[in-house]
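> Here you go, sequence then predicted model.
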Amino acid sequence: MNWIEVLGNMLNNTLVFSTALIFAALGGMFSERSGVVNIGLEGLMVTGAFAAAVGTDYASQAGMGAMSPWMGMLAALVFGVLVSLLHAVATITFKSDQTVVGVVINILALGGAVYFTRSLYEGSAQTSQLTDVFSRVSIPFLSDIPIIGRGIFQSYPTTYIVIILVFISAFVLFKTPFGLRLRAVGEHPSSADTVGISVTKYRYIGVMLSGALAGLGGATITLTTTSSFAHNTISGQGFIALAALIFGKWNPYGLAGAAVFFGFAQALKNFAQLFDWSKNLPTEVFYMLPYVLTLIVLAAAVGKSSAPSALGQPYDPARR
Amino acid sequence: MDTLKKIFNTSLIVPVVSILLGLIIGAIAMFAGGYNPLVAYQSLFERVIGSPYHMGETIRAITPLIFTGLAVAFAFRTGLFNIGVEGQFIMGMTGATLVGVLLDLPWYIHGPLAIVVGALFGGLWAGLVGYLKAKRGVNEVISSIMLNWTALYLANYIVAKFLLEPGQQKSKPVHESALMSIDWLVELMDKARMHWGTFVAIACVVIFYILLWRTKQGYELRAVGHNPDAALYAGMNVNSTIVKSMFFSGIFAGLGGVFEVLGVFGNQTIMAASPGYGFDGIAVALLGGNTPIGVLLGAILFGGLSYGSGGMSFGAGVPSEIVRIVIGSVIFFVAAHGIVKFIIKPFMAKKKKEAA
């Protein structure tokens, strides 16, 4: 294999892993920009991955063929939103501690997903292997460019969707009245309230968007990488997405860049066999790498963080 | 009498109603999955109190939860959310296994040394989280999650590389001299795996109280938890308090892992996933309101549920993960106590009217 091919494959693999992270991190961005910490991204991804596995399976059995994975995506979106509503009700309406509720969402989602997997698939801890999953789509002409042709333009449909979504999210967040209000609610809720913006409404929308997007992120992993759901399908990806969000300074482009970096760390283990220097490293090192890198990056990301200033505080109109 | 009523109203109603709601949601989930919840709960209960063996094993399942519950609660008292108890637990296991397998010492040194080393592994692993938070401002939730995964793979690597029993997916057995099981109690309880860790756990409940409420150090820890700015203004070193609090918290977590190895299994397996005691510790601490007695009671409840869930899958065919749903729902309601108050409000109002 020559190095052009290797680089192209590496980029391609990196993007497969990054896609899910970008989806989830974008979701986290909408939630956190509205002032709600969403530690529950992991659980929302688990929900999405599970719903996608089951939804696609049922759609295949109903004879929907190539449409099935799209039905899986839809299921992931719907269930992601439903679970995020739990988060929203507890943290926004009932003003509970956002971090704790997020952790609870993670526990509930994983327990629930594995429980329903077992009850739907006769006690098996894994959903049945999907036959209809996404396959790579080559973009004519563009896919012939060396390195990036293989790297970017021969990807799964989800990767193209997420790239477009990054631009749309940036536009929505910075160029529309909706985005302005969402940010206002996260920066200074009482001022936003004073000018007639409903803090509750915008925070609900923010959290539900995080459910939808993180759900799609989870679905991406099921439908492009694993082809089934098990308890370890999403192993910490939600938290890595959260780290990408922080490292990317709550900005769509920033978080996408950070997610690509973390995706690269995950893709590395697939390339360990190719090089002499990495061939003899224990596999555990490659398993550890994404997590250790995340930690190092977070520790090194100096400068005052640009978190939304009302992040983590329930809004109580009685206390201005 | 009035004060008793007040205590009951404020601090007991929410957990009790949350437990009930959690069990109801579990029942609904069982209905949805096509199982009979009554049979399931019955077989859970029967398993927990069924025989001396099962009672002993229930105590065995409760013990690590006391440790991890204390660990989470301790950090909470300083305003820190130690979600990394899982990883610290694994590091504690690894420390104990290393000493237990590699060294050959008389029993009066070997056991205690294994305990201390395991506890230190846990403490330092948590201290790292505290250090990153204090010095680099890294959110402790994210860093400790990352360290959980790192601990899992690091422990697997250490077991596979240095301690492996040839041909198996676990370490060589820990030397007899380091084991912590109580032989006469094991016989008494029909071979249930009883060990000294249970007594150490109860001692830790007391130590937890003394450390936080009867020492200057503990006062500082709680002051930082209440209001870091005020604590700083009062001349306390907030950063070093954060590291200290995490270190103590990690020691509790590490001890939990230590006794799983020295008291229960006598070796360490190569794990595909974390054992989960750390996450249950969060549930235990929340339910117990971060008080030592509350943690003890919470551990008894969740430990019983977890161990009994095996009976559920045996007796009623319900996947044992149902208990995750029950535990998750319980802490959801404890965390979102506004919802609980909202649900019980109509009942409370009626009572008041009757009283008047």
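Okay, I see it.
> who in the stretch 151-300 of chain A is up against chain B?
Residues of the stretch 151-300 of chain A found near chain B (C-beta under 8 Å from any C-beta of the partner chain) are A:231-232, A:235-236, A:239, A:242-243, A:246, A:282, A:284-285, A:287-288, A:291-292, A:294-295, A:298-300. For glycine as for every other residue, the C-beta is placed from the backbone atoms N, C-alpha and C.
> Separate out the buried members of these.
Taking 16 or more other C-beta atoms under 10 Å in any protein chain shown as the criterion, what is buried in those is A:231, A:235-236, A:239, A:242-243, A:246, A:284-285, A:287-288, A:291-292, A:294-295, A:298.
> just for the stretch 1-150 of chain B, where's the confidence low?
For the stretch 1-150 of chain B, the stretches with pLDDT under 70 are B:1-10.
> mind listing which of the residues of the stretch 151-300 of chain A next to chain B are in helices?
Among these, the members falling in helices are A:239, A:242-243, A:246, A:284-285, A:287-288, A:291-292, A:294-295, A:298-300 (criterion: DSSP state H).
> Would you mind listing the two of these that lie farthest apart?
Spanning the widest gap among these are A:246 and A:284, at 26.2 Å by C-beta to C-beta.
> Quick check, the residue in chain B closest to chain A?
residue B:324 (2.5 Å; C-beta to the nearest C-beta).
> Now that that residue has come up, it's in contact with residue A:107, right?
Yes - assessed by C-beta atoms under 8 Å, residue B:324 is found in contact with residue A:107 at 6.4 Å.
> Give me the more crowded residue out of the two.
Using other C-beta atoms under 10 Å in any protein chain shown, the more surrounded residue of residue B:324 and residue A:107 is residue B:324, with 27 against 24.
> and the more buried one, what pLDDT?
pLDDT, residue B:324: 89.
> List the residues that contact it.
By C-beta atoms under 8 Å, 6 or more residues apart in numbering or on different chains, the contact set of residue B:324 is A:107, A:108, A:110, A:111, A:112, A:114, A:115.
> Where does the second one sit: helix, strand or coil?
Reducing the assignment at residue A:108 to three states with DSSP: H, G, I helix; E, B strand; the rest coil gives helix.
> tell me the contacts of it?
A:43, A:83, A:86, B:324, B:325, B:328, B:329, B:332.
> Now the closest residue to residue B:281 other than its chain neighbours: which helix or strand?
Closest residue to residue B:281 apart from its sequence neighbours, by C-beta to C-beta, 6 or more residues apart in numbering or on different chains: residue B:68 at 2.8 Å. Assigned by DSSP states H and E, residue B:68 belongs to helix B:52-77.
> Just the buried residues of that helix, please?
Judged by neighbour count using 16+ other C-beta under 10 Å, the buried positions of helix B:52-77 are B:54-77.
> likewise stretch B:80-94?
Using 16+ other C-beta under 10 Å as the test for burial, stretch B:80-94 gives B:80-94.
> nearest to residue B:227, of the residues you listed?
Taking C-beta to C-beta as the measure, residue B:80 is the one of these closest to residue B:227, at 14.1 Å.
> Does the residue of chain B closest to chain A lie in a helix or a strand, and which?
Residue B:324 belongs to helix B:322-335 when assigned by DSSP H and E.
> For the stretch 101-250 of chain A, just list every one of the helices.
Ranges of helices in the stretch 101-250 of chain A, per DSSP state H, counting those that start in this stretch, are A:148-151, A:157-175, A:177-187, A:189-194, A:199-221, A:237-247.
> helices or strands up against the shortest one?
In other words, helix A:148-151. Under the contact definition 3 or more C-beta pairs under 8 Å, 6 or more residues apart in numbering or on different chains; DSSP states H and E, helix A:148-151 sits against helix A:3-33.
> quick revisit: so can I have CSV of the contacts of residue B:324 showing pLDDT and distance to residue B:149?
Shown next, in CSV, are the contacts of residue B:324 (pLDDT from 0 to 100; distance: C-beta to C-beta, whole Å):
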residue, pLDDT, distance to residue B:149
A:107, 90, 17
A:108, 93, 20
A:110, 93, 15
A:111, 92, 19
A:112, 93, 22
A:114, 93, 18
A:115, 93, 23
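> give me the residue from chain A nearest chain B.
Counting by C-beta to the nearest C-beta, chain A gets nearest chain B through residue A:111, at 2.5 Å.
> by how many degrees do the helix or strand containing residue B:128 and helix B:52-77 diverge?
Using DSSP H and E, residue B:128 falls within helix B:107-136. Using axes from the mean of the first three to the mean of the last three C-alpha atoms, to 10 degrees, the inter-axis angle of helix B:107-136 relative to helix B:52-77 is 30 degrees.
> helix or strand right after helix B:107-136?
Next helix or strand after helix B:107-136 toward the C-terminus (DSSP H and E): helix B:140-158.
> Tell me how far that following helix lies from the chain's centre.
17 Å (C-alpha atoms, centre = their mean, to the nearest Å).
> If anything else comes up later, I'll come back, but that's it for now.
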